[in-house]
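1. below is the structure, and that's it, no one-letter string:
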C-alpha cells in the first residue's frame, strides 16, 4: 500500500506544479506580450476611453504597482473566482464562461467515450487480423480522418447531412420552446452530428495506436501458448490481448483529452454551438483578451482535472502500480 | 537503375507514394507563377461559380480561386516546414541532452515536457497568436515552440538505450569527448527516428496552422489554405454551399498532410512513430 501512496503523492505534486505554472503563465502573458498591458488585460475596447479614464483603469487593475504585488493581487482575485471583466460583452468573464463550459463538456465527454470505444473495437480487430482486408480498409479510413482538419470534417458533415439531406439541424443547440423530455431529445438531435464528427476525429489517432499495440502483443509467447491450449480466437483476443492493451489505452485516452477539447472548439464554431469555441472565436475577432485568457485558464484546469482523474483510474486498473519492484 | 526503383516501390510503397505526392506539391509551390492562370491579387467580379475562365470560380472580392489555391501552397508548405524544423531541433536537442547526461537535466526536461503535454495546445496557441501581430513568422514560432514534446520523449528513450551500448563505451575509452560522441555516434543512430518524427512534426504543424488560420489568426498578406477556408466560411461561401471555394483547399491540406504521414511510415513497423 505504501508504494501506491507514493505514486499518488508523486502525481499530486506533478499536477500541483503544473497548475502553478499555468497560473503564472496566465499572469505573465498580458504583461509580457508586446503592446500596452492595459489593452492586453481589458481588450481593445478599453482604448475608446479618454486618457484620464485609462489611467484610472490602470490604477484600478494595479498596473502601476511593482510586479510581485501584482502577482499576489492576481492570486487573491483567483481565490474569489474573479477572472476579470469583458468590456466588449459588458459581462464578467466568469458569467460568460459557466454556461459555455457546460455545453463544451456535453460535446467533449460523449465524443471521448464513443471515439475511444470505437478505436478500441476497430483497433483490436485490425491489429489482430493484421494485413487482412478489414485491416487495410479500417487503417485507410483512420489515416484519412487523421489527416483531415477538424473544421473540414465538420463542414463536410454539416453540408452533407444537414444541408443537402436535411437529416439534422443546421446548427445551434436547441430549436427552442420545448420542455422536459422533448427538450432533452431535441438537444441530443442537435448534438449528434458534432459528436459524431468529434468521435471520429478522436477515434482515428487512437485507432492507430491500439492497432499497433495489439499487433505487438499478438506476437508474444503467451498468445502462442493460449492458441496451443486450444482457446478460441475470440477468447484469446478478449481475455488475453485486450486485457494487456487496457492500461496504456487508459493513459492515452487521458492524454488525448486536451486534443479533444481543441477539436471541440473548432467543431463548435462550424456548428455554431454556444460553447467555449464560439466564445473564443468571438473574442479573437474582437481582440477581447480577458475572455480569451479566462477560456484558456478554465480549459486548462478542466484538462488537468480530467488527466488527474484518469491517473487515479489507471492506478486502480493496473494492479502492478505501487507494488514494490 | 530500374530494378532498384522497382525494389524500392515494392519494399516501401507507402513511402514512395508519400514522397511523390510531396514532390508534386513542392513543384506546385516552386512554379506557382508559371502554373497559376491569374495573379491571385487581381480582382474581378465576385462570387462566380466555376466556369471556363475561372476553373474554380472567384471569391468574395473576385480573385481567381484556383490561382489563390496554387499560391497558398507556398505559404502552407513553408509554415509547415519551418515550424516542423523548429520543433524537431528543440525536441531532438533536449531529448539527446536528457538521455545522455541524465540526472538533473533529465528530470528538468521531462518535467517541462510533462507540463507542456498537459496544457491543451490549441487554446494556448490561440492566445499567443492573438497577442502577437498576425504574421507568418509568429505562427511558425508559436507552432514550433509548442510541438516538440513527443520528439523529445522518443529521442530520449532511444538515447537511453544507445548510451549503454559497447561502441559508445569504446569511443569513450578512446578518449572521445561528450560532444564528439553525441554528434558522431548518438545523433547518427537516432537519424531514422528523427527523420520520421520530422515528417510527422511537419504534418502536425500544417494541421495546427490550418486551425489557427481557420480561426482568423493567419497572416492576411500570405494567404494559406486554412485561411482560404476561413474566408470561405466567414464571408458566405460555406453558407451558400459554394463547395468550390472551401473544398479544394481542404483537400490540399489532407493530401499534403497524408504525404508527410506516409513518408514517416516504415514497412516493418508501420505507424509506430504515430504513437505520441
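-> Received, thanks. This one's a predicted model, so the numbers in the text were calculated from it and none came from an experiment.
2. going forward, measure contacts between C-alpha atoms and count neighbours the same way
-> Will do.
3. go ahead and flag the most central residue of the chain.
-> Chain wasn't specified; assuming chain A. Centrality entry for chain A: nearest residue to the mean C-alpha point is residue A:261, 2.4 Å, by C-alpha atoms, centre = their mean.
4. hmm, no, I was thinking of chain B.
-> So for chain B, C-alpha atoms, centre = their mean, it's residue B:202, sitting 1.6 Å from the centre.
5. spit out the contact partners of it.
-> Residue B:202 sits next to B:80-81, B:83-85, B:257, B:260 when contact means C-alpha atoms under 8 Å, 6 or more residues apart in numbering or on different chains.
6. and what of residue B:144?
-> Taking C-alpha under 8 Å, 6+ apart, one finds B:82-87, B:205 in contact with residue B:144.
7. what helix or strand is it located in?
-> helix B:136-145 (DSSP states H and E).
8. buried residues in that helix, which are they?
-> B:136, B:138-145 (16 or more other C-alpha atoms under 10 Å in any protein chain shown).
9. can you give me the strands in chain A?
-> A:85-86, A:91-92 (DSSP state E).
10. deepest-packed of these, please.
-> Highest mean neighbour count of these: strand A:85-86, a mean of 22 (counted as mean count of other C-alpha atoms under 10 Å in any protein chain shown).
11. okay, now the sheet partners of it, with direction.
-> strand A:91-92 (antiparallel) (DSSP bridges).
12. can you give the contact residues for the strand it pairs with?
-> By C-alpha under 8 Å, 6+ apart, strand A:91-92 touches A:83-86.
13. quick check: residues of chain B near chain A?
-> Residues of chain B found near chain A (C-alpha under 8 Å from any C-alpha of the partner chain) are B:115, B:117-124, B:127, B:130-132, B:207, B:210-211, B:214-217, B:241, B:247, B:250, B:253-255, B:257-258, B:271-272, B:274-275.
14. whichever residue of the stretch 151-276 of chain B sits closest to chain A - how many residues pack around it?
-> The nearest approach of the stretch 151-276 of chain B to chain A comes at residue B:254, 5.2 Å away (C-alpha to the nearest C-alpha). By the measure other C-alpha atoms under 10 Å in any protein chain shown, the count of residues near residue B:254 is 22.
15. just checking, it is part of a helix?
-> Yes: counting by DSSP: H, G, I helix; E, B strand; the rest coil, residue B:254 falls inside a helix.
16. dump the residue contacts of it.
-> Counted by C-alpha under 8 Å, 6+ apart, residue B:254 has contacts A:144, A:147-149.
17. circling back: which pair in the buried residues of helix B:136-145 has the greatest spatial separation?
-> Greatest spatial distance in the buried residues of helix B:136-145: B:136 and B:145, 14.2 Å, computed using C-alpha to C-alpha.
18. identify the residues contacting whichever residue of chain A sits closest to chain B.
-> Nearest residue of chain A to chain B (C-alpha to the nearest C-alpha) works out as residue A:258 at 4.3 Å. Applying C-alpha under 8 Å, 6+ apart to residue A:258 gives the contacts A:303, B:118-121.
19. go with 10 Å
-> By C-alpha atoms under 10 Å, 6 or more residues apart in numbering or on different chains, residue A:258 lies in contact with A:264, A:299-300, A:302-304, A:306-307, B:117-123.
20. with adjacent residues omitted, what lies nearest to residue 210?
-> Unless you meant another one, I'm taking chain A. Spatially, and ignoring its direct neighbours in sequence, residue A:210 is nearest to residue A:123 (5.0 Å; C-alpha to C-alpha, 6 or more residues apart in numbering or on different chains).
21. wait, I meant chain B there
-> Nearest non-adjacent residue to residue B:210, counting by C-alpha to C-alpha, 6+ apart: residue B:226, 4.1 Å away.
22. any idea how many residues pack against the one you found?
-> Residues lying near residue B:226 (other C-alpha under 10 Å) number 31.
23. name the helix or strand for it, please.
-> Counting by DSSP H and E, residue B:226 is part of helix B:225-234.
24. adding pLDDT, write the contacts of residue B:254 out as JSON lines.
-> As requested, these are exported to JSON lines (pLDDT from 0 to 100):
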{"residue": "A:144", "pLDDT": "91"}
{"residue": "A:147", "pLDDT": "92"}
{"residue": "A:148", "pLDDT": "92"}
{"residue": "A:149", "pLDDT": "93"}
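25. kindly identify which of those also come near chain B.
-> A:144, A:147-149 (C-alpha under 10 Å from any C-alpha of the partner chain).
26. tell me the SS of residue B:46?
-> Strictly by three-state DSSP, residue B:46 counts as coil.
27. need phi/psi at it.
-> Main-chain torsions, residue B:46, degrees, to the nearest 10: phi -80, psi 170.
28. surely it and residue B:235 touch.
-> No: taking contacts as C-alpha atoms under 10 Å, residue B:46 lies outside contact range of residue B:235: 11.6 Å.
29. need the residues touching each of these two.
-> With contacts defined as C-alpha under 10 Å, 6+ apart, the residues shared by residue B:46 and residue B:235 are B:59-60.
30. buried set for stretch A:184-204?
-> Buried residues in stretch A:184-204 (16+ other C-alpha under 10 Å): A:186-187, A:190-204.
31. how many residues are close by the residue of the stretch 51-200 of chain B found nearest chain A?
-> Nearest residue of the stretch 51-200 of chain B to chain A: residue B:120, at 4.3 Å (C-alpha to the nearest C-alpha). Here the number of neighbours of residue B:120 (other C-alpha under 10 Å) works out to 24.
32. which residue packs closest to it, ignoring adjacent ones?
-> Spatially, and ignoring its direct neighbours in sequence, residue B:120 is nearest to residue A:258 (4.3 Å; C-alpha to C-alpha, 6+ apart).
33. could you report the pLDDT at the one you found?
-> What the model reports for residue A:258 is a pLDDT of 81.
34. do the same with residue B:231
-> 92.
35. state the distance from it to residue B:241.
-> Using C-alpha to C-alpha, to the nearest Å, residue B:231 is found at 14 Å from residue B:241.
36. which parts of the stretch 1-150 of chain A sit against chain B?
-> So far as C-alpha under 10 Å from any C-alpha goes, the stretch 1-150 of chain A lies against chain B at A:14-15, A:17-19, A:21-22, A:26, A:29-30, A:32-35, A:40, A:139, A:143-150.
37. and those residues, which are buried?
-> Counted by 16+ other C-alpha under 10 Å, the residues of the stretch 1-150 of chain A next to chain B give A:14-15, A:18-19, A:22, A:26, A:29-30, A:40, A:139, A:143-150 as buried.
38. list the residues that contact residue A:27.
-> Neighbours of residue A:27 in contact, by C-alpha under 10 Å, 6+ apart: A:21, A:41, A:70-71, A:74-75, A:293.
39. next secondary structure element downstream of the worst-scoring helix or strand of chain B on mean pLDDT?
-> Taking mean pLDDT, DSSP states H and E as the measure, chain B has helix B:2-11 as its least confident helix or strand, at a mean of 67. Counting by DSSP H and E, the element after helix B:2-11 in chain order, helix or strand, is helix B:13-30.
40. which residues sit against that next one?
-> For helix B:13-30, using C-alpha under 10 Å, 6+ apart, the contacting residues are B:5-10, B:32, B:34-36, B:70-78, B:252, B:255-267, B:270.
41. what subset of those is buried?
-> For these, a burial check counting by 16+ other C-alpha under 10 Å picks out B:32, B:36, B:70-78, B:252, B:255-266.
42. run the chain-centre distance for the helix holding residue B:144.
-> Remark: helix B:136-145 is offset 12 Å from the chain centroid, using C-alpha atoms, centre = their mean, to the nearest Å.
43. in the stretch 151-300 of chain A, where is pLDDT below threshold?
-> Scanning the stretch 151-300 of chain A for pLDDT under 70 picks out nothing.
44. surely residue A:99 meets residue A:276?
-> Yes: the pair formed by residue A:99 and residue A:276 meets the contact definition of C-alpha under 10 Å, at 8.9 Å.
45. okay, those two: which has more neighbours?
-> residue A:276 (31 against 13).
46. which ones are touching the more buried one?
-> Counting by C-alpha under 10 Å, 6+ apart, residue A:276 makes contact with A:96-105, A:261, A:264-266, A:268-269, A:282, A:291-292, A:295-296, A:298-299.
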